[in-house]
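Q: compute the structure for the input listed below.
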Amino acid sequence: MKNHLLLGLLAAAAVPAATAQAEVLVSGIVDVLVDGGNNYSWQKVELPGTKCGNGSQYKFFIHRSDTGSQNLLFMFEGGGACWDYDTCSGRAGVLGAANPNGLTDDYMQQFTAKYVSPIVNGADPGLPFRSRKDLVTKDWNIVYMPYCTGDVHVGNNTVTYTDSTGAQPPLTWHHSGYSNTLAAANYAKTQFPSVNKLLVTGFSAGGTATASAYYFVRRITNPARGYYLNDSGPIYLAANVNDRSRALHDKIRQSWNLNSVFSQLPASFDQNNMGTINRMVAMEFPNDQLAYTAYTRDYNYSRFSYERFLTPNDKESVLSYWKQDQDRLVAELNLYNNFSYFIPHARPINESHCTTIITFVGAHACQRMEKKRWYEYVSEPWQNWKCNSEFVPMDTFLSRFINENQRIRIYEPANGYNDDDPGMDILAPLINGALGG
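A: Residues are numbered from 1 along each chain as shown. The predicted structure is shown next:
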């Protein structure tokens, strides 16, 4: 199940019976491991003209606060991307698009939507000997955007993809993310006409959607205060043909007809350099709080970005490309006073992909995580690393970022803290093993 949307995964193929049984197993294991999930009442919304990649009706879901909150969470789900027959049909597996067969009416009762995001559920799930902890988004109104178009929720094209093997007939695919996103935002405005705090967020492809669609969602909903949190969906700078992310950007620009979307953005965005989306958002909304989070050792999104475009493409080469692009991103974000970043080094869950999914165990950052000196092993002899500055968990970051409007910038150095954590040694293999089932 590692390739089923769960944990910010990059894609999902059609789900056969054996995989469906594996999902039941995953749900059972995670239900034991974490006191997570939600039992919200969800309103299904189907709007004319919205559709999934296969042409079926697009569905998104709304949860209304039980306490009358005026805050709104606009959540973009992750799950890969596609631009050819293999990746859109589901045949490419982990490096293809999620939900190629569309969305079911009970989508919000299924594992991904129920468990995947503590931010949606308003609490960091508890573990044995670790209590469930409420988050700043507890009891907010929610617009939940499932992902089924393979275009990070902003494509604007209908394409016929041909099977290169000749085994299957051509596939007509609707990259309708842009229309779906605008329709949902306009509908949200009718349902929540007076929003105090708006948080737009998402993981993996949904993180990319956060960056690329924030301008539209924010303008339409017009909140008193705007917040944006991109989890592990960076749009890196790529002004030149030799820049590492340029090949990916050129491919999706063509397949998804992104120029038709780019033309709607203000002049602070350079259409020839997708990475300027960060500059545009920062400049257009100078009073909003913006943030990026990801792991330096993310070996899911980094594979997606470089594996099919660059050589060598072994793991360490791919991660080195990612680190260099991430360094450039951090330097860019440092130029804007309203941009935060929260970048831990690694955790052994889901190849270090996404910091805000399933559980915040291992989702912490320390600016001065350093190797211990010989005399510092007494209290925790199994741990080789020590935080010599403030140790900031994800829930603390979220509280400071949203409730206190603080700018937080933590870029953790290379370390093995999570690898040395005996609790992680137990938790990570159980979750990863279940996902691999």
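Q: state the mean pLDDT of the longest helix belonging to the chain.
A: Counting residues, the longest helix found in the chain (DSSP state H) is helix 315-333. Helix 315-333 shows a mean pLDDT of 98.
Q: could you point out which element follows it?
A: strand 339-343 (DSSP states H and E).
Q: can you report phi and psi for residue 150?
A: phi 70, psi 20 (degrees, to the nearest 10).
Q: and for residue 228?
A: Dihedral pair for residue 228: phi -140, psi 130, per degrees, to the nearest 10.
Q: just checking, it touches residue 289?
A: Yes. Taking Cβ atoms under 8 Å as the definition, residue 228 is a contact partner of residue 289 at 7.5 Å. Just so you know, the C-beta spots here come from the backbone N, C-alpha and C atoms, and that holds for glycine as well.
Q: which one of these two is surrounded by more residues?
A: Neighbours per residue (other Cβ atoms under 10 Å) separate residue 228 from residue 289, with residue 228 holding more: 29 against 23.
Q: for the more buried one, give its distance to residue 199.
A: Distance of residue 228 to residue 199, computed by Cβ to Cβ, to the nearest Å: 8 Å.
Q: likewise for residue 151?
A: From residue 151 to residue 199 the distance is 23 Å (Cβ to Cβ).
Q: likewise for residue 110?
A: Taken as Cβ to Cβ, the span from residue 110 to residue 199 is 23 Å.
Q: neighbour count for the two, which is higher?
A: Set residue 110 next to residue 199 and count neighbours by other Cβ under 10 Å: residue 199 wins out with 25 against 16.
Q: which SSE is the more buried one in?
A: Following DSSP H and E, one finds residue 199 within strand 197-203.
Q: neighbouring strands - and their directions - for that strand?
A: In the sheet, strand 197-203 lines up against strand 72-76 (parallel), strand 225-231 (parallel) (DSSP bridges).
Q: pLDDT on that strand, on average?
A: pLDDT averaged over strand 197-203 gives 98.
Q: need the next SSE after it, C-terminal direction.
A: Taking DSSP H and E, what comes next after strand 197-203 is helix 205-221.
Q: list the buried residues of that following helix.
A: For helix 205-221, burial by neighbour count (16 or more other Cβ atoms under 10 Å) applies to 205-218, 221.
Q: again, but for stretch 249-264
A: Residues of stretch 249-264 classed as buried: 249, 252-253, 255-258, 261-262 (neighbour count, 16+ other Cβ under 10 Å).
Q: any chance of the residues you listed in JSON lines, plus secondary structure, distance to residue 119 and pLDDT?
A: Shown next, in JSON lines, are the buried residues of stretch 249-264 (DSSP: H, G, I helix; E, B strand; the rest coil; distance: Cβ to Cβ, whole Å; pLDDT from 0 to 100):
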{"residue": "249", "secondary structure": "helix", "distance to residue 119": "28", "pLDDT": "97"}
{"residue": "252", "secondary structure": "helix", "distance to residue 119": "26", "pLDDT": "97"}
{"residue": "253", "secondary structure": "helix", "distance to residue 119": "30", "pLDDT": "97"}
{"residue": "255", "secondary structure": "helix", "distance to residue 119": "30", "pLDDT": "97"}
{"residue": "256", "secondary structure": "coil", "distance to residue 119": "27", "pLDDT": "98"}
{"residue": "257", "secondary structure": "coil", "distance to residue 119": "31", "pLDDT": "98"}
{"residue": "258", "secondary structure": "coil", "distance to residue 119": "27", "pLDDT": "98"}
{"residue": "261", "secondary structure": "helix", "distance to residue 119": "26", "pLDDT": "98"}
{"residue": "262", "secondary structure": "helix", "distance to residue 119": "28", "pLDDT": "96"}
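Q: so which of these is the closest to residue 136?
A: residue 261 (30.7 Å; Cβ to Cβ).
Q: separation between the closest one and residue 253?
A: Distance, residue 261 to residue 253, using Cβ to Cβ: 10 Å.
Q: and residue 426, by the same measure?
A: In this view, residue 426 and residue 253 are 44 Å apart by Cβ to Cβ.
Q: residues near the residue lying closest to residue 110 once chain neighbours are set aside, how many?
A: Nearest non-adjacent residue to residue 110, counting by Cβ to Cβ, 6 or more residues apart in numbering: residue 104, 7.4 Å away. Residue 104: 12 surrounding residues under other Cβ under 10 Å.
Q: mind telling me what element residue 104 is part of?
A: Going by DSSP H and E, residue 104 is not in any helix or strand.
Q: swap in residue 80?
A: Using DSSP H and E, residue 80 sits within no helix or strand.
Q: wait, isn't it in contact with residue 93?
A: No. Using Cβ under 8 Å as the test, residue 80 is too far from residue 93 to be in contact (9.3 Å).
Q: most distant residue from the middle of the chain?
A: What lies farthest from the middle of the chain is residue 375; by Cα atoms, centre = their mean that is 40.3 Å.
Q: SS state for that residue?
A: Classification of residue 375 using DSSP: H, G, I helix; E, B strand; the rest coil returns helix.
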